[in-house]
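Chemist: here is a sequence together with a model predicted from it:
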Amino acid sequence: MNINSILKTVLLVILSFALFFAVAILLLVAVVRNTTQQALQPVEQVRDALATQSALLFNPTPTVVPDPVTIIYEIRSLARLETVQYSMEKIITAETGQSELSFLFGDKLLFVAHGKVIAGVDLEKLNPEDLWVQNGVLYVRLPKAEIFITSLDNDLSYVYDRETGILRRGEIHLETLARQAAVREIEKSALADGILDWARLNAESYLSRLFRSLGYADVIFVK
């Protein structure tokens, strides 16, 4: 073996050792860095949590609660708050000239009436003194529930039967009288069934959600 071959072998051995040590150092550095990051991660989490809490403490998110006197004008802009609708059917008998001679002079009809009743709360009647805050609780005194509309459905209402005496012409206003009586009876039935109570309860439920969205956590309705 000549001197050149020996020198090449020695250089290869030196380069191999140098490469080995370089790789070993890089691996060691990577391990140390990874271990350091894992060790510091909980500390960073605690630091971030403390920073968040400090921000909430020293710079809290403002809660804006409008004054009751202010929001009352917004509520009154809703005007009539319709909260319940009843639909029902009534059979009305309208007659005239009913006696022993009704077959001669009488006039009688049966009217099938389909109608609806709509009730709610007129928020135009809500005054500033009807809303007040006490110990963080919003107290509300609503106007009384009332019936807004009572009407017949002309498409579904009809005269079922009519009997007119052989010596009498039909009373031209009899059906009109039957329709007027039907409106009164439908409204009376809705009142007897508690439509105003339902109208008030539904109004309270709707407005309670509205007040809570404005920032009032506790709302009590009083009479």
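Modeler: Looks like it arrived, so ask away.
Chemist: in this structure residue 114 contacts residue 89, no?
Modeler: Yes - assessed by CB atoms under 8 Å, residue 114 is found in contact with residue 89 at 5.3 Å. All C-beta spots, glycine's among them, are computed from the backbone N, C-alpha and C.
Chemist: what's the burial count for residue 91?
Modeler: Number of residues near residue 91 (other CB atoms under 10 Å) recorded here: 11.
Chemist: more crowded one of residue 114 and residue 89?
Modeler: residue 114 (17 against 13).
Chemist: how about the secondary structure of residue 143?
Modeler: coil (DSSP: H, G, I helix; E, B strand; the rest coil).
Chemist: burial measure for it, as a count.
Modeler: Applying other CB under 10 Å, I find that residue 143 has 17 neighbouring residues.
Chemist: please report phi then psi for it.
Modeler: Reported as degrees, to the nearest 10, the phi and psi values for residue 143 are phi -60, psi 160.
Chemist: distance check, the closest residue in space to it that isn't next to it in sequence against residue 205.
Modeler: Excluding the flanking residues, the one nearest residue 143 by CB to CB, 6 or more residues apart in numbering is residue 125, at 3.9 Å. Look at residue 125 and residue 205: by CB to CB, to the nearest Å, they are 19 Å apart.
Chemist: before we move on, what about residue 130?
Modeler: 18 Å.
Chemist: same thing with residue 179?
Modeler: For residue 179, the distance to residue 205 equals 35 Å [CB to CB].
Chemist: between the two, which is the more surrounded one?
Modeler: residue 179 (18 against 12).
Chemist: checking my notes, the more buried one in a strand, right?
Modeler: No - if the criterion is three-state DSSP, then residue 179 is helix and not within a strand.
Chemist: could you find the closest non-adjacent residue to it?
Modeler: Per CB to CB, 6+ apart, closest to residue 179 is residue 152, 6.2 Å.
Chemist: you'd agree the one you found is up against residue 111?
Modeler: No - with contact defined as CB under 8 Å, residue 152 does not reach residue 111; the gap is 9.8 Å.
Chemist: between those two, which contacts overlap?
Modeler: Common contact partners of residue 152 and residue 111 (CB atoms under 8 Å, 6 or more residues apart in numbering): 179, 182.
Chemist: quick check on those two: which one has the bigger neighbour count.
Modeler: residue 111 (23 against 18).
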